[in-house]
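In: Build me a model:
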Amino acid sequence: MASSVLGPTACGRMPLMASDEAGNNGEWRDASGPYAQYTREDWTAMAPRVPMTVDQGILDALRGLGDPISLQEVAEVYLPLTRLLSLYEQHTGELFRSTNEFLGQRSRRTPFVIGVAGSVAVGKSTTARLLQALLSRWPAHPRVELITTDGFLHPNAELQRRGLMNRKGFPESYDRRALQRFVMDVKSGRSEVSAPVYSHLVYDIVPDELVVVRSPDILIVEGLNVLQPARVRQDGTTGLSVNDFFDFSVYVDASDADIKKWYMQRFMSLRETAFRDPRSYFRRYAELTDEQAVHLAGDIWDTINGPNLARNIRPTRSRATAILRKGENHEVKWVRIRKV
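Out: Numbers count the residues shown, from 1 in each chain. Purely as a prediction, here's the structure:
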């Protein structure tokens, strides 16, 4: 079983002081630290005139299982975020043009790349899909592509050979070199770049099936470990990592207790839906009693997903440009933005 189963503010207030169970060494509490923090109300006030471009039907199609995101949440959290993204994209373009002019080059501008990270069941997939929908509805109608890192998991046969089936979703279970090459090729401006396809139904890479990304204006890369730093080589040197190619990154955060609760709720829902499909890798779980299912879901979290979050995912949070912190009902309570 594995994890992929499932300073003063602009308003003149000091940043909100919030406790955080992850051991932050004061980085969140210091007004001179790397992040400015905004309450939900202050964040909403950042972009009061950004128009709503999705309706309830679109939102229902984008929403992940167990994520009760509302149109109000979109308006108060994600529209201001897309406004900030538009500023980053605009200034990135200006920097590209100035650099081209200085170097005497005429190269085409390369895609703006956004990374979206967070734990299993925290809602990062909904965030990524929502950002894609909102960004593609900007006045210039940019081409926005979304890729998930699931396609870069090693196939099950290779994971079994390496003894990693119970560590699926951990950094070592991915073909990190292939993922980095994919993002680097897109960022470098290649006209077509392909990636493997992963099926959550069969819990494996689909042989001979590819998704092709063709010259997007914006690429969103969503996954558990997209903010991982480069690995240290035996000689002590490091190379590049995927997030070196990001222009902006978002970490979706919540307390351990809330994420575990959401994971277990999702597991129980899947037991009544997708797990009942005869083709499902997890078909055997559909026949569990409620008590057995609760016990199994808790065990999976405690032995796989929880440790992966603590050891590998949450330590990358401080690498993000923006952090969205959720409360117990999935609502975003506050936002942190890395100071520029």
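In: Not counting sequence-adjacent ones, nearest residue to Arg233?
Out: When the adjacent residues along the chain are set aside, Arg233 lies closest to Gly239, with 7.2 Å between them (C-beta to C-beta, 6 or more residues apart in numbering). C-beta here means a position set from N, CA and C on the backbone, and glycine is covered the same way.
In: For that neighbour, give me its contacts.
Out: Under the criterion of C-beta atoms under 8 Å, 6 or more residues apart in numbering, the contact partners of Gly239 comprise 230-231, 233.
In: likewise Arg177?
Out: Residues in contact with Arg177, defined by C-beta under 8 Å, 6+ apart, are absent; none qualify.
In: Whatever helix or strand it lives in: what's the following helix or strand?
Out: With elements delineated by DSSP states H and E, Arg177 resides in helix 176-187, which encompasses its position. Using DSSP H and E, the next helix or strand after helix 176-187 towards the C-terminus is strand 193-199.
In: Mind listing the strands the helix or strand following that next one pairs with, and their directions?
Out: Past strand 193-199, further along toward the C-terminus, the next helix or strand under DSSP H and E is strand 204-213. Strand partners for strand 204-213, identified by DSSP bridges, are recorded as strand 193-199 (antiparallel).
In: Dump the strand it pairs with to CSV, restricted to CA.
Out: Extracted in CSV, the C-alpha atoms of strand 193-199 (Å, rounded to 0.1, in the frame of the first residue of the first chain):
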residue,chain,number,x,y,z
VAL,A,193,7.7,17.5,-24.5
SER,A,194,6.1,14.2,-23.4
ALA,A,195,5.6,12.6,-20.1
PRO,A,196,4.4,9.1,-18.9
VAL,A,197,0.8,8.5,-17.8
TYR,A,198,-0.1,7.1,-14.4
SER,A,199,-3.4,5.4,-13.7
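In: Now it: buried residues?
Out: Applying a neighbour-count criterion of 16 or more other C-beta atoms under 10 Å, one finds 193, 195-196, 198 buried in strand 193-199.
In: Do you know the pLDDT at the residue lying closest to Met46 once chain neighbours are set aside?
Out: Among residues not flanking Met46 along the chain, Pro80 sits closest, at 4.6 Å (C-beta to C-beta, 6+ apart). The per-residue pLDDT reported for Pro80 equals 92.
In: Likewise for the one 10 residues further on?
Out: Here, the pLDDT recorded for Gln90 equals 88.
In: Could you shift the numbering so residue one becomes 16, and keep it that way?
Out: That works, and once the first residue is 16, the last one we named lands at Gln105.
In: re earlier: quick check: the gap between the residue nearest to Arg248 and Met199.
Out: 11 Å (C-beta to C-beta, to the nearest Å).
In: average model confidence for stretch 223-242?
Out: The average pLDDT for stretch 223-242 rounds to 95.
In: cool, stretch 111-123 as well?
Out: 85.
In: For the protein, which residues score under the pLDDT cut-off?
Out: Low-confidence segments of the chain, defined by pLDDT under 70, are located at 16-47, 63.
In: Grab the nearest non-local neighbour of Glu346.
Out: Spatial nearest neighbour of Glu346, excluding adjacent residues (C-beta to C-beta, 6+ apart): Glu88 at 6.4 Å.
In: helix or strand for the one you found, which one?
Out: In this structure, Glu88 sits in helix 86-88 according to DSSP H and E.
In: Just the residues contacting the helix or strand following that helix, thanks.
Out: Remark: after helix 86-88, the chain's next helix or strand is helix 94-118, criterion DSSP H and E. Around helix 94-118, the neighbours that count as contacts under C-beta under 8 Å, 6+ apart are 58-59, 61-62, 65-67, 120-122, 124-125, 127, 129, 146, 149-150, 153, 233, 262-263, 265, 336-337, 339, 350, 352.
In: Just the ones in helices from those residues, please.
Out: Within the contacts of helix 94-118, membership in helices is found for 58-59, 146, 149-150, as judged by DSSP state H.
In: do you know how far Ala60 is from Leu96?
Out: Here Ala60 is placed at a distance of 14 Å from Leu96 (C-beta to C-beta).
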